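> Need a 3D model of the following:
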Amino acid sequence: MRKGAKRKRSQKEEEAAPARAPDNHKTTESTKPPTRAKRVKASKPEPEPEYFEDQRNLEDLWKQIFPVGTEWDQLDKVYGFNWNFSNLENAFEEGGVLHGKTVYLFGCTEPQLVPFKDENILIYIPAVVAVVSPFPPSNKIGIKSVQREVEEIIPMKQMKMDWVPYIPLEDRESRVDRLRHQIFILSCTQRRAALKHLKIDRIKKYEYCLPYFYNPLQEDELEQSTEVQIIFPSEPKPIFCEFDWELDELQEFIDKLIQEEELSEDQKDAFKEFVKEKVREAKKANREAREARRKALEEMSEETRRAIENLRFYKFYPVQTPDTPDISKVKASFINRYYGKAHELGGGMPPVPQFHFIILGVSGDTNFAVSKLFESQSGAHFYFSRHL
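Numbers count the residues shown, from 1 in each chain. The predicted structure follows:
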């Protein structure tokens, strides 16, 4: 073989090698399994932001106030409606009747028959009384009902009640001792869960409680009253009546009760002595009340006198909303037998014109005095009150 032929052959092999390489590479690629395209997940729509209405600074004020005299088993019904006391809250704003003043608040409820959702229902309407005063109007509670012959005036603390400062929502993160309190509420620390450990008479006392107030600058109606309420124990039912020792002659009064078959002949002597004893007690109470007022006036400072003269009472009912009953026709300025009438009703709604005649009656454990109210345009309706 020639020397040049071998070199020429090797060159041809080297040239052929790169030409085969692409074929080998192509074969390798064709053996790989095809790759799947990645599935793109659909993005979830972002939820729309929820907007919550800001709490008003005094929104829970009325709920913090203890509704004095309300039966314990009726409290849930009081809070069953979403009552709105924005009129009370607005009274503390600039331009309101309570703005910048020291105010003492107590609550009560009034059972009323009112229209709601095409029917008349008996509901417990909450009301709040505001007393504008530089000092607490009283630290006592009155306990009186139809069945209780004796009226009790006792310290609030005996019933676990007291005036406590109310802290608005915006101040609840602050140190309490650094706050300047202007709103005080009547609070009760008696727990409902502990009621089962109390005697029935003790529980009933809470139902007959009334915030007490005595103004020595005004002659009390009881000081000049000549009437006594008579509750004479009798069978089959007790005798309820009123006797006026100046206008009524006792023997004629008894004869009339016998004629009306309210009193039997064999009970007339016992009834006469019973009435005489009640008259003696009432006259003694009148004398003591006049003496107490005279003494209070003598010991009163000029500053205290001015403060009492400037006392103002405001009564607030909830404002009308679509989800609460219409109470516009049953609002009354009367607070209770100690406070009398409010100087002004909050919310701008005038009280229903009214006059009263009292019908005493007993319904179960609850005593009612039914006072018929009259209004020229809306007709007659009834106001139910558990206290006299």
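> any low-confidence regions in the protein?
By pLDDT under 70, the weakly predicted segments of the chain are 1-54, 145-149, 173-180, 219-223, 347-388.
> what do you get if the cut-off is 50, keeping everything else the same?
Within the chain, the stretches with pLDDT under 50 are 1-2, 19, 21-22, 24-28, 348-388.
> Domain parsing of it, as residue ranges.
55-215+311-351, 220-301 (automatic domain parsing).
> Settle this for me: residue 317 is touching residue 127, isn't it.
Yes. The criterion here is CB atoms under 8 Å, and residue 317 meets it with residue 127 at 5.4 Å. Quick note: C-beta positions are derived from backbone N, CA and C, even for glycine.
> before we move on, back to that, tell me which of the domains of the chain is the most buried.
Across the domains of the chain, the average number of neighbours (mean count of other CB atoms under 10 Å) peaks for domain 55-215+311-351, which reaches a mean of 16.
> where do the helices sit along the stretch 51-200 of the chain?
Ranges of helices in the stretch 51-200 of the chain, per DSSP state H, counting those that start in this stretch, are 61-64, 75-78, 86-91, 200-207.
> Now those in TSV, please, with extra columns for distance to residue 308.
Shown next, in TSV, are these (distance: least, CB to CB, whole Å):
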stretch	distance to residue 308
helix 61-64	26
helix 75-78	32
helix 86-91	22
helix 200-207	28
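> of all these, which lies closest to residue 240?
helix 200-207 (18.7 Å; CB to CB).
> one step back: of all the helices of the stretch 51-200 of the chain, which lies closest to residue 321?
Of all the helices of the stretch 51-200 of the chain, it is helix 86-91 that lies closest to residue 321, at 9.3 Å by CB to CB.
> Touching the closest one from outside, list them.
56-59, 61-62, 96-99, 128, 130, 314, 316, 318-319, 346-348 (CB atoms under 8 Å, 6 or more residues apart in numbering).
> same thing but at 10 Å, please
Helix 86-91 is contacted by residues 56-59, 61-62, 65, 85, 96-99, 101, 103, 105, 128, 130, 168, 314, 316-319, 321, 345-349 when judged by CB atoms under 10 Å, 6 or more residues apart in numbering.
> Same check on stretch 261-269?
232-235, 237, 239-241, 251, 253-258, 270-271, 274.
> Stretch 273-292 too?
Applying CB under 10 Å, 6+ apart, the contact partners of stretch 273-292 are 149-151, 214, 216, 219-220, 222-233, 239, 241, 243-245, 248, 250, 253-254, 267.
> Would you map the strands across the stretch 151-300 of the chain?
Assigned by DSSP state E, counting those that start in this stretch, the stretch 151-300 of the chain shows strands spanning 152-155, 161-165, 183-188, 209-211, 227-232, 239-244.
> surely residue 153 meets residue 159?
No. Using CB atoms under 10 Å, residue 153 makes no contact with residue 159, being 11.8 Å away.
> Need the overlap of contacts for those two.
Contacts common to residue 153 and residue 159, judged by CB under 10 Å, 6+ apart, are 141, 143.
> so after the host helix or strand of residue 308, what's the next helix or strand?
Assigned by DSSP states H and E, residue 308 falls within helix 302-309. As assigned by DSSP H and E, the chain's next helix or strand after helix 302-309 is strand 312-316.
> Give me the sheet partners of that following strand and which way each runs.
strand 119-132 (antiparallel), strand 344-346 (parallel) (DSSP bridges).
> Turn those into a markdown table, including distance to residue 200.
As requested, these are exported to a markdown table (distance: least, CB to CB, whole Å):
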| stretch | distance to residue 200 |
| --- | --- |
| strand 119-132 | 21 |
| strand 344-346 | 36 |
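> Those strands: which one's closest to residue 309?
Using CB to CB, the nearest of the strands paired with strand 312-316 to residue 309 is strand 119-132, at 12.2 Å.
> how far off strand 183-188 does the closest one point, in degrees?
Relative orientation of strand 119-132 and strand 183-188, computed by axes from the mean of the first three to the mean of the last three CA atoms, to 10 degrees: 120 degrees.
> Contacts only, for residue 254.
Contacts of residue 254 (CB under 10 Å, 6+ apart): 243, 248, 263, 267-269, 271-272, 275.
> Repeat that for residue 168.
Per CB under 10 Å, 6+ apart, neighbours of residue 168: 56-61, 89, 92, 179, 182-183.
> Check residue 272 too.
Neighbouring residues of residue 272 by CB under 10 Å, 6+ apart: 250-251, 253-254.
> ok, so what distance separates it from residue 284?
19 Å (CB to CB, to the nearest Å).
> for residue 165, same thing?
40 Å.
> do residue 335 as well
As judged by CB to CB, residue 335 and residue 284 stand 28 Å apart.
> same check, this time on residue 85
43 Å.
> Same question for residue 138.
Taking CB to CB, one finds residue 138 at 23 Å from residue 284.
> Specify which member of the contacts of residue 272 is nearest to residue 76.
residue 253 (45.0 Å).
> Can you name the residues that contact the nearest residue to that closest one once chain neighbours are set aside?
Counting by CB to CB, 6 or more residues apart in numbering, residue 243 is the residue found nearest to residue 253 once chain neighbours are left out, at 6.2 Å. Counting by CB under 10 Å, 6+ apart, residue 243 makes contact with 226-230, 250, 253-254, 275-276, 278-279, 282.
> Let me see the ranges of the helices in the stretch 201-350 of the chain.
So, for the stretch 201-350 of the chain - with DSSP H, counting those that start in this stretch - the helices run 221-224, 250-259, 268-299, 302-309.
> Show me the one of the ones you listed that comes nearest residue 196.
Per CB to CB, nearest to residue 196 of the helices of the stretch 201-350 of the chain: helix 268-299, 36.0 Å.
> Strand 239-244 and the closest one, what's the angle between them?
In terms of direction (the same axes, to 10 degrees), helix 268-299 departs from strand 239-244 by 50 degrees.
> so how far is helix 268-299 from its chain's centroid?
35 Å (CA atoms, centre = their mean, to the nearest Å).
> change the start of the numbering to 5 and stick with it
All right, first residue 5 from here; so that's helix 272-303.
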